[in-house]
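S.K.: need coordinates for the below:
(one chain, ligands or ions: 1)
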Amino acid sequence: MSFADKLLINGQLVAGDRTIEVLDPATGEAIAVVACASESQAQAAVAAAKSAQPAWEALGWEARMALLLIYADAIRERAQELTEVMVREQGKPLAEAQGEVYYTEAFVRYFASLNLPISTIQDDASGKIEVGHSALGVVVGISPWNFPALVPIAKLAPALLCGNTVVLKPAPTTPICTLLLAEIAQPIFPAGVVNVVTDQNDLGTFLTGHPDVAKVTFTGSTATGRKIMANGAATLKRLTLELGGNDAAVILSDVNVVATAKKVFDASFYNAGQACLAIKRVYVEDSIYDAFCDAMALLAENAVVGRGLEMSTQIGPMQNPAQFEKAQYFIEVAKRDGNIIAGGTISEGPGYFVKPTIVRDITDGSELVDHEQFSPVLPIVRIVDAEDGLARANRSPYGLGGSVWSADAGRARALAARMQAGTVWINQHLKFGPHIPFAGAKQSGIGVEWADLGLAEFTQLKVINEGY
Ligand code: NAD
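M.R.: The predicted structure follows:
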């Protein structure tokens, strides 16, 4: 198949001054050579966005909504192609790619249904005060490799709706999905409104420090988030940072062990564990610990690991060689600090495959529990009781998500209220949607994405205070 391989700068699909070789993680072989921008091309993208912004804002909310809906339709028309590209460059199983593409369109459609109306907070004999929103200007959106279509789109759509123009930069190991979204956008939006540049992990500093960029919306690691914050300080950039997580699941002894294990397994090994909102550590009450570990081991042993394009595949490869090495490192940590009861090996042959690995008899203080492993190596920690589990869950510097599992809804709710995370699920994990605000607590992020709260982050609050 042929792949989208051009940058989008000032309304034109152009070749890069450099190139990137894109690998299929299921084989380790190159599948495409695509455009990679130089710094002068990134500069041209920012300049185009800056010059297009006033007219785009002046176009008005309704007209921008209409163009977003046309974009959503165009994404739907090419959903099959986007899905195949995603499986090839990212590695995820077909069903997961279909899900991501479905959400990609749904996020555009959802934002195209929102409004940020002006509210009148005072209107009396002394005057009238209105609170509204204006655009910020040029927005830079930087995304990781685990959700190469949904993450950039969930930044692009709200930014555009609010009257901003955008420069997107995907991760170097999964550029093609974003380049395809650029190709789809090209005939729809005025020149300069949507720009997409790629890099080799070397244009982030330039883009996030650029004086003509008003806001950076970033999804990626906490370490990179810190750099972006420091880099944006000189020009006081608006920032939304969705960063790393180490989501804990606290499982109380009154659950149905087998049914809960299945749900916990699915939420841990989604995208081969390479999801910010996947369960990364499991805390289980003592009386069901052995049974729960056994149920998880059985699920891991029966899980089908393979190429994403095979219909039977449940777990695909690690996305890139660095991730593959990271997973193998965590297997070594697991051998040292706990007992591996399923998996613990990489697959023979080409591709970056790691068997889903269940680790028991491990506890806090191990790197596998305390750090974000971002790979299919899951620690299960024994806890004395719910309070013990909650204390351990809250000890992390991260606070992206977490979950509480219990047959007693009242007890689960009380624990959820005290869990330090931006999202706490009860008897489920990883359920998300465009209408649900998403925010990380502690070092998992700053700001909110999605929903009307996330939309407002792409605007400047504007008060008009008129005296009579
Ligand atoms: P990463 O931080 O290494 O890279 C993310 C993006 O930042 C890439 O596009 C990369 O090219 C770019 N980048 C690298 N250096 C930069 C710099 N100095 N300035 C600006 N941009 C720079 O992260 P990754 O390894 O690609 O992704 C995995 C991480 O992302 C995990 O920690 C995961 O939890 C996190 N993540 C978070 C969410 C969320 O919503 N919270 C979602 C997905 C992934």
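
S.K.: C-alpha from now on. contacts and neighbour counts both.
M.R.: OK.

S.K.: residues contacting the one helix or strand Tyr289 maps to, please?
M.R.: For Tyr289, the enclosing helix or strand under DSSP states H and E is helix 286-302. Here helix 286-302 makes contact (Cα atoms under 8 Å, 6 or more residues apart in numbering) with 253, 257-258, 261-262, 265, 284, 341-343, 355-358, 360, 380, 382-385.

S.K.: now, which of the residues you listed lie within strands?
M.R.: Val284, Ile341, Ala342, Thr357, Ile358, Arg360, Ile380, Arg382, Ile383 (DSSP state E).

S.K.: among the residues you listed, which one sits closest to Phe189?
M.R.: Checking the ones in strands among the contacts of helix 286-302 against Phe189 by Cα to Cα gives Thr357 as the nearest, at 45.8 Å.

S.K.: in contact with the closest one: list those residues for me.
M.R.: Shown in contact with Thr357 (Cα under 8 Å, 6+ apart): Ala297, Ala300, Ile331, Ile340, Ile341, Ala342, Gly343, Gly344, Thr345, Pro376, Val377, Leu378.

S.K.: same question for Asn115.
M.R.: Asn115 is in contact with Trp61, counting by Cα under 8 Å, 6+ apart.

S.K.: that one falls within a helix, correct?
M.R.: No: going by DSSP: H, G, I helix; E, B strand; the rest coil, the assignment for Asn115 is coil, not a helix.

S.K.: report pLDDT for the closest residue to the ligand within the stretch 251-400 of the chain.
M.R.: When scored by Cα to the nearest ligand atom, the stretch 251-400 of the chain has Cys276 as its residue closest to the ligand, at 4.0 Å. With respect to pLDDT, Cys276 scores 96.

S.K.: isn't it right up against Ala267?
M.R.: No: assessed by Cα atoms under 8 Å, Cys276 is found out of contact with Ala267, at 10.9 Å.

S.K.: list the buried residues of stretch 71-88.
M.R.: Neighbour counts using 16 or more other Cα atoms under 10 Å place 71-72, 74-76, 79, 81-88 of stretch 71-88 among the buried residues.

S.K.: how long is it end to end?
M.R.: Stretch 71-88 has an end-to-end distance of 23 Å (Cα to Cα, to the nearest Å).

S.K.: got it, and stretch 33-44?
M.R.: End-to-end span of stretch 33-44 (Cα to Cα): 22 Å.

S.K.: chain center to it, what's the gap?
M.R.: Remark: stretch 33-44 is offset 24 Å from the chain centroid, using Cα atoms, centre = their mean, to the nearest Å.

S.K.: mind checking how far Ala52 is from the ligand?
M.R.: Separation of Ala52 from the ligand (Cα to the nearest ligand atom, to the nearest Å) stands at 23 Å.

S.K.: now that residue, nearest residue through space, not along the chain?
M.R.: The spatially closest residue to Ala52, leaving aside those adjacent along the chain, is Gly192, at 5.3 Å (Cα to Cα, 6 or more residues apart in numbering).

S.K.: quick one, which of the contacts of Thr357 are buried?
M.R.: Ala297, Ala300, Ile331, Ile340, Ile341, Ala342, Gly343, Gly344, Pro376, Val377, Leu378.

S.K.: what packs against the helix or strand Ala157 falls within?
M.R.: In the assignment (DSSP H and E), Ala157 maps to helix 150-161. On a contact count with 3 or more Cα pairs under 8 Å, 6 or more residues apart in numbering; DSSP states H and E, helix 150-161 meets helix 61-77, helix 94-111, strand 138-142, strand 165-169, helix 451-456.
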